[in-house]
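Asker: pasting a predicted model and its sequence here:
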Amino acid sequence: MLPEVQSTRDNGEASVERRAMTDVADQAGGVLPERRLRRVAQYVQDNLHRELRLAELSGLVHMSPYHFARLFKRSTGVSPHRFLVQRRIEQARALLAAQPLPIAEIARSVGFRTPSHFATTFRRVSGITPSAYRAAETLSRRTDSVCPAQPAGN
């Protein structure tokens, strides 16, 4: 008989699946295996526009939400929520710099319900408001096009 099944019958509390998942995590040194981490990161990137819950992310890798959150933080150094917010702000920066969309539309496209929540979060993470970031990026692009960098060695 398999050790996982035997231990499940002995204590009656843990399911075979939960025991097997714990064994996998223990073998990986208490962190998420790389392929599971990539799966979650890609899922987050593909679904930034949606509300993502911890249970949904943990379900992707067949783990309990608590266990997933603990291993995710050990693997990345940040909680799943902070990781999600960072990815949303990174995407918003790219959109602010590249597209003339209204800030409210960018906020919705990266998963914020209101422009004010987006602005508050953007400022907390970046240190400046979305409007100021866009203005700085626009000025930077204009400066680069007027005064291109000189080649090295000339």
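Answerer: Right, received. Where do you want to start?
Asker: gap between Ala135 and Pro65?
Answerer: Taking Cβ to Cβ, to the nearest Å as the measure, Ala135 and Pro65 are separated by 40 Å. Just so you know, the C-beta spots here come from the backbone N, C-alpha and C atoms, and that holds for glycine as well.
Asker: and for Arg123?
Answerer: Counting by Cβ to Cβ, the gap between Arg123 and Pro65 amounts to 29 Å.
Asker: before we move on, what about Leu57?
Answerer: Note on Leu57: its distance to Pro65, by Cβ to Cβ, is 8 Å.
Asker: more neighbours, these two?
Answerer: Counted by other Cβ atoms under 10 Å, Leu57 and Pro65 do not tie: Leu57 has more neighbours, with 23 against 15.
Asker: please identify which helix or strand holds the more buried one.
Answerer: Per DSSP states H and E: Leu57 is located in helix 54-60.
Asker: again with Ser140
Answerer: Under the assignment here (DSSP H and E), Ser140 is part of helix 130-146.
Asker: mind listing the helices for this structure?
Answerer: Remark: helices of the chain, listed N- to C-terminal, are 3-11, 16-27, 34-46, 54-60, 65-76, 80-98, 103-109, 115-126, 130-146; assignment by DSSP state H.
Asker: quick one: contacts of the longest one?
Answerer: So that's helix 80-98. Contacting residues not belonging to helix 80-98 are listed as 40-41, 44-45, 48, 52, 54, 57, 68-69, 72-73, 76, 78, 101, 103, 106-107, 109-112, 118, 121-122, 125-126, 130, 133-134, 137, 141 [Cβ atoms under 8 Å, 6 or more residues apart in numbering].
Asker: weed out the non-buried ones from those.
Answerer: Buried by 16 or more other Cβ atoms under 10 Å: 40, 44, 48, 52, 54, 57, 68-69, 72-73, 76, 103, 106-107, 109-112, 118, 121-122, 125, 130, 133-134, out of these.
Asker: for this structure, which helix or strand comes out least confident on mean pLDDT?
Answerer: Within the chain, judged by mean pLDDT, DSSP states H and E, the helix or strand with the poorest mean is helix 3-11; its value is a mean of 43.
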